[in-house]
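K.L.:
quick one, what's the 3D model for this:
(chains A, B, C and D)
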Protein chains: 2
Amino acid sequence: MTEPNNAPSGPGTAPPERPRKARSSQKEQQIIDGALRAFLARGYSASMDVIAQEAGVSKQTVYSHFKDKETLFSALIDRLLDEFMSAGLSPELMSADPGTFFRSVANIALSRLDDWEYISLLRVLIAESARVPELADVYVNRLVRPATQRLADYISSNEKIKFKDPEAVARIFHGALVHFIIMQEILNGKHTLPMSRERIADSLVDLILFAAEKTQDAR
Amino acid sequence: MTEPNNAPSGPGTAPPERPRKARSSQKEQQIIDGALRAFLARGYSASMDVIAQEAGVSKQTVYSHFKDKETLFSALIDRLLDEFMSAGLSPELMSADPGTFFRSVANIALSRLDDWEYISLLRVLIAESARVPELADVYVNRLVRPATQRLADYISSNEKIKFKDPEAVARIFHGALVHFIIMQEILNGKHTLPMSRERIADSLVDLILFAAEKTQDAR
DNA sequence: GTCTATACATGGATAGAC
DNA sequence: GTCTATCCATGTATAGAC
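P.N.:
Below is the predicted model:
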(Lines give C-alpha, C1' and ligand atoms only; values in the text may rest on other atoms or scores of the structure.)
Protein backbone atom coordinates (compact mmCIF):
# COMPACT_ATOMS: atom_id res chain seq x y z
CA MET A 1 0.00 0.00 0.00
CA THR A 2 2.26 2.74 1.21
CA GLU A 3 5.22 2.76 -1.02
CA PRO A 4 8.57 3.45 0.55
CA ASN A 5 9.59 5.48 -2.45
CA ASN A 6 8.77 9.10 -1.96
CA ALA A 7 9.79 12.47 -3.30
CA PRO A 8 9.40 12.45 -7.01
CA SER A 9 10.88 15.53 -8.58
CA GLY A 10 9.94 18.13 -6.04
CA PRO A 11 8.75 21.24 -7.82
CA GLY A 12 9.22 24.09 -5.39
CA THR A 13 12.21 23.06 -3.40
CA ALA A 14 15.44 21.87 -4.83
CA PRO A 15 16.66 19.22 -2.45
CA PRO A 16 20.39 19.49 -1.93
CA GLU A 17 20.57 15.83 -1.09
CA ARG A 18 19.76 12.99 -3.40
CA PRO A 19 16.06 13.02 -4.14
CA ARG A 20 15.88 9.33 -4.95
CA LYS A 21 16.66 6.18 -3.10
CA ALA A 22 16.69 7.90 0.21
CA ARG A 23 16.81 4.58 2.00
CA SER A 24 17.67 1.69 -0.16
CA SER A 25 18.37 -1.20 2.04
CA GLN A 26 21.02 -3.68 1.26
CA LYS A 27 18.51 -6.02 -0.36
CA GLU A 28 16.86 -3.33 -2.37
CA GLN A 29 20.15 -2.28 -3.85
CA GLN A 30 20.85 -5.90 -4.69
CA ILE A 31 17.50 -6.16 -6.45
CA ILE A 32 18.08 -3.01 -8.42
CA ASP A 33 21.53 -4.05 -9.52
CA GLY A 34 20.47 -7.55 -10.42
CA ALA A 35 17.40 -6.43 -12.31
CA LEU A 36 19.47 -3.89 -14.17
CA ARG A 37 21.92 -6.49 -15.34
CA ALA A 38 19.16 -8.93 -16.27
CA PHE A 39 17.03 -6.42 -18.17
CA LEU A 40 19.92 -4.86 -20.01
CA ALA A 41 21.32 -8.21 -21.02
CA ARG A 42 18.08 -9.97 -21.97
CA GLY A 43 15.56 -7.23 -22.50
CA TYR A 44 12.13 -7.13 -20.93
CA SER A 45 11.81 -10.86 -21.55
CA ALA A 46 14.18 -11.48 -18.66
CA SER A 47 12.20 -13.64 -16.26
CA MET A 48 11.56 -12.72 -12.67
CA ASP A 49 13.33 -15.92 -11.68
CA VAL A 50 16.47 -14.85 -13.48
CA ILE A 51 16.21 -11.39 -11.98
CA ALA A 52 15.88 -12.80 -8.47
CA GLN A 53 18.76 -15.14 -9.07
CA GLU A 54 20.90 -12.37 -10.51
CA ALA A 55 20.11 -10.29 -7.45
CA GLY A 56 20.85 -13.11 -5.07
CA VAL A 57 17.46 -12.94 -3.38
CA SER A 58 14.23 -14.87 -3.58
CA LYS A 59 11.49 -13.98 -6.00
CA GLN A 60 9.12 -12.97 -3.27
CA THR A 61 11.64 -10.48 -1.98
CA VAL A 62 11.60 -8.82 -5.35
CA TYR A 63 7.83 -8.60 -5.19
CA SER A 64 7.93 -7.16 -1.71
CA HIS A 65 9.83 -4.18 -3.12
CA PHE A 66 8.17 -3.80 -6.49
CA LYS A 67 4.53 -4.28 -7.27
CA ASP A 68 5.04 -6.18 -10.49
CA LYS A 69 7.46 -6.72 -13.32
CA GLU A 70 6.32 -3.73 -15.33
CA THR A 71 6.82 -1.40 -12.38
CA LEU A 72 10.27 -2.74 -11.74
CA PHE A 73 11.23 -2.38 -15.38
CA SER A 74 10.00 1.15 -15.77
CA ALA A 75 11.54 2.23 -12.51
CA LEU A 76 14.91 0.91 -13.59
CA ILE A 77 14.86 2.43 -17.03
CA ASP A 78 13.83 5.73 -15.52
CA ARG A 79 16.63 5.46 -13.02
CA LEU A 80 19.17 4.71 -15.72
CA LEU A 81 18.01 7.64 -17.81
CA ASP A 82 18.55 9.88 -14.83
CA GLU A 83 22.11 8.73 -14.53
CA PHE A 84 22.76 9.38 -18.19
CA MET A 85 21.02 12.71 -18.18
CA SER A 86 23.59 15.07 -19.53
CA ALA A 87 24.41 17.48 -16.76
CA GLY A 88 25.06 19.98 -19.49
CA LEU A 89 28.25 20.69 -21.30
CA SER A 90 30.66 22.65 -19.22
CA PRO A 91 29.92 26.36 -19.60
CA GLU A 92 33.39 27.16 -20.85
CA LEU A 93 32.79 24.80 -23.75
CA MET A 94 29.76 26.81 -24.82
CA SER A 95 32.04 29.77 -25.42
CA ALA A 96 34.81 27.80 -27.08
CA ASP A 97 35.65 28.23 -30.72
CA PRO A 98 33.68 26.04 -33.14
CA GLY A 99 36.51 23.62 -33.81
CA THR A 100 36.99 22.87 -30.14
CA PHE A 101 33.28 22.78 -29.45
CA PHE A 102 32.22 20.32 -32.13
CA ARG A 103 35.25 18.13 -31.63
CA SER A 104 34.54 17.90 -27.92
CA VAL A 105 30.87 17.12 -28.42
CA ALA A 106 31.72 14.40 -30.90
CA ASN A 107 34.28 12.86 -28.58
CA ILE A 108 31.89 12.87 -25.64
CA ALA A 109 29.17 11.22 -27.70
CA LEU A 110 31.50 8.62 -29.17
CA SER A 111 32.90 7.73 -25.78
CA ARG A 112 29.62 5.90 -25.24
CA LEU A 113 30.83 3.28 -27.67
CA ASP A 114 32.60 1.80 -24.65
CA ASP A 115 29.63 2.04 -22.31
CA TRP A 116 27.81 -1.27 -22.18
CA GLU A 117 25.02 0.15 -20.04
CA TYR A 118 24.25 2.98 -22.44
CA ILE A 119 24.30 0.70 -25.44
CA SER A 120 22.05 -1.86 -23.79
CA LEU A 121 19.70 0.86 -22.63
CA LEU A 122 19.40 2.14 -26.17
CA ARG A 123 18.59 -1.33 -27.47
CA VAL A 124 15.98 -1.99 -24.80
CA LEU A 125 14.36 1.39 -25.30
CA ILE A 126 13.98 0.78 -29.01
CA ALA A 127 12.83 -2.78 -28.43
CA GLU A 128 10.10 -1.79 -25.99
CA SER A 129 9.17 1.51 -27.57
CA ALA A 130 6.00 0.07 -29.08
CA ARG A 131 4.83 -1.59 -25.88
CA VAL A 132 5.79 1.23 -23.49
CA PRO A 133 6.01 4.47 -25.45
CA GLU A 134 6.39 6.54 -22.28
CA LEU A 135 9.92 5.29 -21.81
CA ALA A 136 10.92 6.49 -25.25
CA ASP A 137 9.38 9.84 -24.43
CA VAL A 138 11.44 10.10 -21.27
CA TYR A 139 14.58 9.28 -23.22
CA VAL A 140 13.83 11.93 -25.80
CA ASN A 141 12.94 14.58 -23.26
CA ARG A 142 15.84 13.95 -20.90
CA LEU A 143 18.66 13.13 -23.29
CA VAL A 144 17.94 13.95 -26.91
CA ARG A 145 16.15 17.24 -26.40
CA PRO A 146 18.80 18.83 -24.16
CA ALA A 147 21.61 17.57 -26.35
CA THR A 148 20.21 18.89 -29.60
CA GLN A 149 19.02 22.05 -27.89
CA ARG A 150 22.49 22.91 -26.67
CA LEU A 151 23.94 22.21 -30.08
CA ALA A 152 21.36 24.44 -31.70
CA ASP A 153 21.94 27.14 -29.11
CA TYR A 154 25.65 27.12 -29.75
CA ILE A 155 25.15 27.30 -33.49
CA SER A 156 22.66 30.12 -33.16
CA SER A 157 24.68 32.21 -30.76
CA ASN A 158 28.18 31.82 -32.10
CA GLU A 159 29.23 34.64 -34.37
CA LYS A 160 31.63 32.60 -36.41
CA ILE A 161 29.10 30.18 -37.82
CA LYS A 162 25.79 30.71 -39.46
CA PHE A 163 23.31 28.15 -40.72
CA LYS A 164 19.86 28.60 -42.12
CA ASP A 165 18.39 26.01 -39.78
CA PRO A 166 20.43 25.49 -36.60
CA GLU A 167 17.98 22.99 -35.15
CA ALA A 168 18.12 20.77 -38.19
CA VAL A 169 21.91 20.94 -38.28
CA ALA A 170 21.99 20.04 -34.60
CA ARG A 171 19.85 16.98 -35.18
CA ILE A 172 21.98 15.90 -38.12
CA PHE A 173 25.15 16.21 -36.07
CA HIS A 174 23.65 14.37 -33.12
CA GLY A 175 21.97 11.76 -35.29
CA ALA A 176 25.10 10.85 -37.21
CA LEU A 177 26.88 10.16 -33.92
CA VAL A 178 24.12 8.16 -32.28
CA HIS A 179 23.53 6.14 -35.41
CA PHE A 180 27.20 5.26 -35.53
CA ILE A 181 26.87 3.83 -32.02
CA ILE A 182 23.75 1.86 -32.93
CA MET A 183 25.38 0.64 -36.09
CA GLN A 184 28.71 -0.44 -34.65
CA GLU A 185 27.69 -1.74 -31.26
CA ILE A 186 24.09 -2.89 -31.50
CA LEU A 187 23.91 -4.05 -35.10
CA ASN A 188 27.37 -5.59 -34.93
CA GLY A 189 28.84 -3.22 -37.50
CA LYS A 190 32.03 -3.20 -35.48
CA HIS A 191 32.65 -6.58 -37.08
CA THR A 192 30.78 -6.43 -40.37
CA LEU A 193 31.48 -2.82 -41.34
CA PRO A 194 34.35 -1.64 -39.20
CA MET A 195 35.32 2.00 -39.02
CA SER A 196 37.22 3.88 -36.35
CA ARG A 197 35.45 6.50 -34.30
CA GLU A 198 38.20 8.94 -35.17
CA ARG A 199 37.32 8.84 -38.85
CA ILE A 200 33.71 9.63 -38.07
CA ALA A 201 34.66 12.43 -35.70
CA ASP A 202 37.17 13.94 -38.11
CA SER A 203 34.84 13.92 -41.09
CA LEU A 204 31.85 15.13 -39.13
CA VAL A 205 33.72 18.05 -37.62
CA ASP A 206 35.24 18.92 -40.98
CA LEU A 207 31.84 18.75 -42.60
CA ILE A 208 30.22 21.21 -40.25
CA LEU A 209 33.17 23.57 -40.05
CA PHE A 210 33.69 23.73 -43.80
CA ALA A 211 30.00 24.25 -44.41
CA ALA A 212 29.93 26.99 -41.81
CA GLU A 213 32.88 28.75 -43.41
CA LYS A 214 31.30 28.49 -46.80
CA THR A 215 28.09 29.97 -45.48
CA GLN A 216 30.18 32.77 -44.03
CA ASP A 217 31.84 33.40 -47.37
CA ALA A 218 28.48 33.67 -49.06
CA ARG A 219 27.19 36.39 -46.80
CA MET B 1 38.53 -0.92 -56.45
CA THR B 2 36.32 -3.95 -56.19
CA GLU B 3 33.80 -5.37 -58.58
CA PRO B 4 30.48 -3.68 -58.11
CA ASN B 5 28.42 -6.62 -59.29
CA ASN B 6 29.09 -9.47 -56.98
CA ALA B 7 29.44 -8.92 -53.30
CA PRO B 8 28.94 -12.22 -51.52
CA SER B 9 31.55 -11.58 -48.90
CA GLY B 10 30.87 -14.87 -47.22
CA PRO B 11 32.18 -18.39 -47.10
CA GLY B 12 28.91 -19.99 -48.09
CA THR B 13 28.54 -21.25 -51.63
CA ALA B 14 25.02 -20.42 -52.58
CA PRO B 15 23.91 -20.68 -56.19
CA PRO B 16 23.14 -17.16 -57.35
CA GLU B 17 20.19 -18.31 -59.39
CA ARG B 18 16.89 -19.42 -57.93
CA PRO B 19 17.49 -17.86 -54.57
CA ARG B 20 14.13 -18.91 -53.19
CA LYS B 21 11.65 -21.68 -53.50
CA ALA B 22 9.04 -20.98 -56.10
CA ARG B 23 6.28 -23.14 -54.67
CA SER B 24 4.40 -21.37 -51.98
CA SER B 25 0.97 -22.80 -51.63
CA GLN B 26 -2.03 -20.81 -50.67
CA LYS B 27 -1.74 -21.75 -47.01
CA GLU B 28 1.96 -21.12 -46.92
CA GLN B 29 1.46 -17.62 -48.24
CA GLN B 30 -1.19 -17.05 -45.59
CA ILE B 31 1.21 -18.19 -42.89
CA ILE B 32 3.96 -15.95 -44.16
CA ASP B 33 1.74 -12.93 -44.34
CA GLY B 34 0.19 -13.53 -40.95
CA ALA B 35 3.49 -14.19 -39.26
CA LEU B 36 4.92 -11.09 -40.85
CA ARG B 37 2.18 -8.92 -39.45
CA ALA B 38 2.37 -10.55 -36.03
CA PHE B 39 6.16 -10.36 -35.70
CA LEU B 40 6.41 -6.82 -36.98
CA ALA B 41 3.66 -5.63 -34.70
CA ARG B 42 4.64 -7.48 -31.52
CA GLY B 43 8.24 -8.49 -31.99
CA TYR B 44 9.59 -11.96 -31.48
CA SER B 45 7.38 -12.30 -28.41
CA ALA B 46 4.38 -12.73 -30.68
CA SER B 47 2.95 -16.11 -29.73
CA MET B 48 2.43 -18.95 -32.17
CA ASP B 49 -1.26 -18.82 -31.33
CA VAL B 50 -1.49 -15.21 -32.42
CA ILE B 51 0.50 -15.97 -35.54
CA ALA B 52 -1.80 -18.84 -36.47
CA GLN B 53 -4.84 -16.74 -35.78
CA GLU B 54 -3.46 -13.84 -37.79
CA ALA B 55 -2.78 -16.25 -40.65
CA GLY B 56 -6.22 -17.79 -40.41
CA VAL B 57 -4.89 -21.33 -40.01
CA SER B 58 -4.39 -23.70 -37.14
CA LYS B 59 -1.22 -23.82 -35.12
CA GLN B 60 -0.31 -27.24 -36.36
CA THR B 61 -0.47 -26.03 -39.93
CA VAL B 62 2.15 -23.47 -39.10
CA TYR B 63 4.35 -26.21 -37.68
CA SER B 64 3.86 -28.37 -40.74
CA HIS B 65 5.52 -25.63 -42.81
CA PHE B 66 8.14 -24.37 -40.40
CA LYS B 67 10.18 -26.45 -38.01
CA ASP B 68 9.88 -24.09 -35.07
CA LYS B 69 9.32 -20.49 -34.13
CA GLU B 70 12.92 -19.46 -34.53
CA THR B 71 13.09 -20.84 -38.06
CA LEU B 72 9.90 -19.07 -39.01
CA PHE B 73 11.13 -15.81 -37.57
CA SER B 74 14.51 -15.89 -39.24
CA ALA B 75 13.02 -16.93 -42.57
CA LEU B 76 10.63 -14.01 -42.48
CA ILE B 77 13.18 -11.40 -41.54
CA ASP B 78 15.46 -12.71 -44.23
CA ARG B 79 12.62 -12.53 -46.74
CA LEU B 80 11.79 -8.97 -45.73
CA LEU B 81 15.38 -7.89 -46.05
CA ASP B 82 15.42 -9.26 -49.55
CA GLU B 83 12.45 -7.14 -50.47
CA PHE B 84 14.08 -4.04 -49.07
CA MET B 85 17.42 -4.77 -50.66
CA SER B 86 18.18 -1.65 -52.58
CA ALA B 87 18.29 -2.63 -56.22
CA GLY B 88 20.83 0.11 -56.64
CA LEU B 89 20.28 3.70 -57.47
CA SER B 90 19.40 4.23 -61.07
CA PRO B 91 22.60 4.51 -63.10
CA GLU B 92 21.72 7.93 -64.44
CA LEU B 93 21.62 9.20 -60.87
CA MET B 94 25.19 8.10 -60.34
CA SER B 95 26.23 10.56 -63.02
CA ALA B 96 23.99 13.38 -61.90
CA ASP B 97 25.37 16.57 -60.45
CA PRO B 98 25.97 16.55 -56.66
CA GLY B 99 22.94 18.65 -55.83
CA THR B 100 20.59 16.32 -57.64
CA PHE B 101 22.31 13.22 -56.38
CA PHE B 102 22.33 13.97 -52.67
CA ARG B 103 18.86 15.44 -52.73
CA SER B 104 17.52 12.32 -54.40
CA VAL B 105 19.26 9.96 -52.01
CA ALA B 106 17.92 11.89 -49.05
CA ASN B 107 14.39 11.84 -50.42
CA ILE B 108 14.51 8.13 -51.12
CA ALA B 109 15.77 7.40 -47.61
CA LEU B 110 13.24 9.68 -45.95
CA SER B 111 10.36 8.17 -47.89
CA ARG B 112 10.73 5.23 -45.53
CA LEU B 113 9.21 7.39 -42.82
CA ASP B 114 5.89 6.31 -44.30
CA ASP B 115 6.75 2.62 -44.56
CA TRP B 116 5.39 0.76 -41.56
CA GLU B 117 7.09 -2.48 -42.58
CA TYR B 118 10.52 -0.93 -42.84
CA ILE B 119 10.15 0.86 -39.52
CA SER B 120 8.92 -2.25 -37.75
CA LEU B 121 11.68 -4.31 -39.29
CA LEU B 122 14.25 -1.86 -38.00
CA ARG B 123 12.81 -2.03 -34.51
CA VAL B 124 12.69 -5.83 -34.45
CA LEU B 125 16.21 -6.14 -35.82
CA ILE B 126 17.57 -3.91 -33.09
CA ALA B 127 15.46 -5.62 -30.45
CA GLU B 128 16.67 -9.11 -31.36
CA SER B 129 20.19 -8.19 -32.36
CA ALA B 130 21.63 -9.54 -29.12
CA ARG B 131 19.76 -12.84 -29.30
CA VAL B 132 20.18 -13.44 -33.06
CA PRO B 133 23.18 -11.46 -34.27
CA GLU B 134 23.09 -13.10 -37.70
CA LEU B 135 20.00 -11.12 -38.63
CA ALA B 136 21.73 -7.86 -37.91
CA ASP B 137 24.63 -9.02 -40.05
CA VAL B 138 22.31 -9.74 -42.94
CA TYR B 139 20.77 -6.29 -42.60
CA VAL B 140 24.16 -4.63 -42.63
CA ASN B 141 25.45 -6.64 -45.56
CA ARG B 142 22.36 -6.33 -47.71
CA LEU B 143 21.19 -2.81 -46.98
CA VAL B 144 23.73 -0.68 -45.15
CA ARG B 145 26.84 -1.81 -46.97
CA PRO B 146 25.50 -1.26 -50.50
CA ALA B 147 23.95 2.06 -49.56
CA THR B 148 27.06 3.52 -48.00
CA GLN B 149 29.23 1.96 -50.67
CA ARG B 150 27.35 3.69 -53.47
CA LEU B 151 27.48 6.98 -51.62
CA ALA B 152 31.21 6.61 -51.12
CA ASP B 153 31.68 5.61 -54.76
CA TYR B 154 29.84 8.67 -55.95
CA ILE B 155 31.85 10.95 -53.70
CA SER B 156 35.10 9.36 -54.79
CA SER B 157 34.39 9.43 -58.49
CA ASN B 158 32.71 12.79 -58.94
CA GLU B 159 35.09 15.51 -60.02
CA LYS B 160 33.15 18.31 -58.44
CA ILE B 161 33.48 17.17 -54.88
CA LYS B 162 36.41 16.05 -52.87
CA PHE B 163 36.56 14.81 -49.33
CA LYS B 164 39.43 13.40 -47.35
CA ASP B 165 37.45 10.36 -46.28
CA PRO B 166 34.56 9.51 -48.64
CA GLU B 167 33.57 6.41 -46.70
CA ALA B 168 33.22 8.30 -43.44
CA VAL B 169 31.23 11.06 -45.13
CA ALA B 170 28.98 8.42 -46.67
CA ARG B 171 28.29 6.89 -43.31
CA ILE B 172 27.57 10.26 -41.75
CA PHE B 173 25.11 11.10 -44.51
CA HIS B 174 23.42 7.73 -44.29
CA GLY B 175 23.46 7.68 -40.51
CA ALA B 176 21.86 11.08 -40.11
CA LEU B 177 18.96 9.96 -42.29
CA VAL B 178 18.42 6.58 -40.67
CA HIS B 179 18.66 8.04 -37.20
CA PHE B 180 16.02 10.58 -38.09
CA ILE B 181 13.70 7.71 -38.99
CA ILE B 182 14.47 5.85 -35.76
CA MET B 183 14.03 9.02 -33.78
CA GLN B 184 10.77 10.21 -35.28
CA GLU B 185 8.98 6.94 -35.91
CA ILE B 186 10.32 4.40 -33.42
CA LEU B 187 11.15 6.62 -30.47
CA ASN B 188 8.04 8.70 -30.95
CA GLY B 189 9.97 11.87 -31.76
CA LYS B 190 7.30 12.70 -34.30
CA HIS B 191 5.26 13.76 -31.28
CA THR B 192 7.82 14.76 -28.69
CA LEU B 193 10.39 16.46 -30.93
CA PRO B 194 8.67 17.17 -34.23
CA MET B 195 10.60 18.25 -37.28
CA SER B 196 9.72 18.01 -40.93
CA ARG B 197 11.69 15.72 -43.19
CA GLU B 198 12.22 18.63 -45.55
CA ARG B 199 14.22 20.54 -42.98
CA ILE B 200 16.49 17.56 -42.44
CA ALA B 201 16.91 17.00 -46.16
CA ASP B 202 17.58 20.67 -46.89
CA SER B 203 20.15 21.10 -44.15
CA LEU B 204 21.87 17.79 -44.85
CA VAL B 205 22.23 18.50 -48.56
CA ASP B 206 23.41 22.03 -47.87
CA LEU B 207 25.90 20.74 -45.35
CA ILE B 208 27.56 18.32 -47.73
CA LEU B 209 27.47 20.62 -50.75
CA PHE B 210 28.88 23.60 -48.90
CA ALA B 211 31.59 21.49 -47.33
CA ALA B 212 32.45 20.06 -50.71
CA GLU B 213 32.71 23.50 -52.26
CA LYS B 214 34.87 24.71 -49.44
CA THR B 215 37.16 21.77 -49.86
CA GLN B 216 37.33 22.63 -53.54
CA ASP B 217 38.27 26.21 -52.76
CA ALA B 218 41.07 25.07 -50.56
CA ARG B 219 42.76 23.03 -53.24
C1' DG C 1 -2.11 -31.33 -45.20
C1' DT C 2 -5.14 -29.66 -41.99
C1' DC C 3 -7.69 -29.63 -38.00
C1' DT C 4 -8.85 -30.28 -32.60
C1' DA C 5 -7.06 -31.61 -28.43
C1' DT C 6 -3.32 -32.15 -25.40
C1' DA C 7 1.36 -32.73 -23.24
C1' DC C 8 5.04 -30.34 -21.09
C1' DA C 9 7.69 -26.38 -19.60
C1' DT C 10 8.08 -21.69 -18.22
C1' DG C 11 6.75 -17.44 -16.20
C1' DG C 12 4.23 -14.02 -13.35
C1' DA C 13 2.37 -13.64 -9.11
C1' DT C 14 0.78 -15.29 -4.30
C1' DA C 15 0.41 -18.06 0.31
C1' DG C 16 2.07 -19.02 4.50
C1' DA C 17 5.93 -20.11 7.74
C1' DC C 18 9.58 -17.76 10.22
C1' DG D 1 11.15 -8.67 5.31
C1' DT D 2 12.57 -12.81 3.68
C1' DC D 3 12.27 -17.34 2.49
C1' DT D 4 10.20 -22.01 0.28
C1' DA D 5 6.53 -23.93 -1.97
C1' DT D 6 2.71 -23.42 -4.93
C1' DC D 7 -1.12 -21.71 -8.06
C1' DC D 8 -2.52 -20.72 -12.54
C1' DA D 9 -2.22 -18.70 -17.09
C1' DT D 10 0.31 -18.79 -21.18
C1' DG D 11 3.36 -20.62 -24.65
C1' DT D 12 5.90 -24.01 -27.55
C1' DA D 13 5.46 -28.06 -29.57
C1' DT D 14 3.26 -32.67 -30.57
C1' DA D 15 -0.48 -36.56 -31.09
C1' DG D 16 -3.99 -38.40 -33.43
C1' DA D 17 -8.30 -38.10 -36.23
C1' DC D 18 -9.84 -36.91 -40.91
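
K.L.:
pull the distance from the longest helix seen in chain A to the chain's centre.
P.N.:
If you go by DSSP state H, chain A has its longest helix at helix A:197-217. Centroid separation between helix A:197-217 and its chain, computed with C-alpha atoms, centre = their mean, to the nearest Å, is 24 Å.

K.L.:
now check that helix, is it near chain B?
P.N.:
Yes - contact of helix A:197-217 with chain B (C-beta under 8 Å from any C-beta of the partner chain) involves A:199-200, A:202-204, A:206-208, A:210-211, A:213-215, A:217. Backbone N, C-alpha and C define where each C-beta goes, glycine included.

K.L.:
name the helices or strands packed onto that helix?
P.N.:
Counting contacts by 3 or more C-beta pairs under 8 Å, 6 or more residues apart in numbering or on different chains; DSSP states H and E, helix A:197-217 is packed against helix A:98-110, helix A:166-181, helix B:166-181, helix B:197-217.

K.L.:
what residues sit buried inside it?
P.N.:
A:197, A:199-215 (16 or more other C-beta atoms under 10 Å in any protein chain shown).

K.L.:
just stretch A:69-82 next, same as before
P.N.:
So stretch A:69-82, judged by 16+ other C-beta under 10 Å, has buried residues A:69, A:72, A:73, A:74, A:75, A:76, A:77, A:80, A:81.

K.L.:
in which helix or strand does the last one reside?
P.N.:
The one in question is residue A:81. helix A:69-84 (DSSP states H and E).

K.L.:
mean confidence for that helix?
P.N.:
Mean pLDDT, computed over helix A:69-84, is 97.

K.L.:
tell me which helix or strand comes right after that helix.
P.N.:
Following helix A:69-84 in sequence order, the next helix or strand is helix A:91-94 (DSSP H and E).

K.L.:
ok, back up a step: does DNA strand D sit close to the helix holding residue A:81?
P.N.:
No - residues of helix A:69-84 are not located near DNA strand D by C-beta under 7 Å from any atom of the strand, the shortest gap being 13.4 Å.

K.L.:
mind listing what residue A:66 touches?
P.N.:
Residue A:66 makes contact with A:31, A:72, A:75 under the criterion C-beta atoms under 8 Å, 6 or more residues apart in numbering or on different chains.

K.L.:
try it again with 6 Å
P.N.:
Residue A:66 sits next to residue A:72 when contact means C-beta atoms under 6 Å, 6 or more residues apart in numbering or on different chains.

K.L.:
residue ranges with poor pLDDT in chain A?
P.N.:
A:1-23, A:216-219 (pLDDT under 70).

K.L.:
up against DNA strand D, what does chain A have?
P.N.:
By the rule C-beta under 7 Å from any atom of the strand, the part of chain A lying against DNA strand D is A:4, A:25, A:26, A:27, A:28, A:57, A:58, A:59, A:60, A:61, A:64, A:65.

K.L.:
give me the buried entries from those residues.
P.N.:
Buried members of the residues of chain A next to DNA strand D, counted by 16+ other C-beta under 10 Å: A:28, A:57, A:61, A:65.

K.L.:
quick one: the last one and residue A:28 touch, right?
P.N.:
Yes - if you go by C-beta atoms under 6 Å, residue A:65 and residue A:28 touch, sitting 5.5 Å apart.
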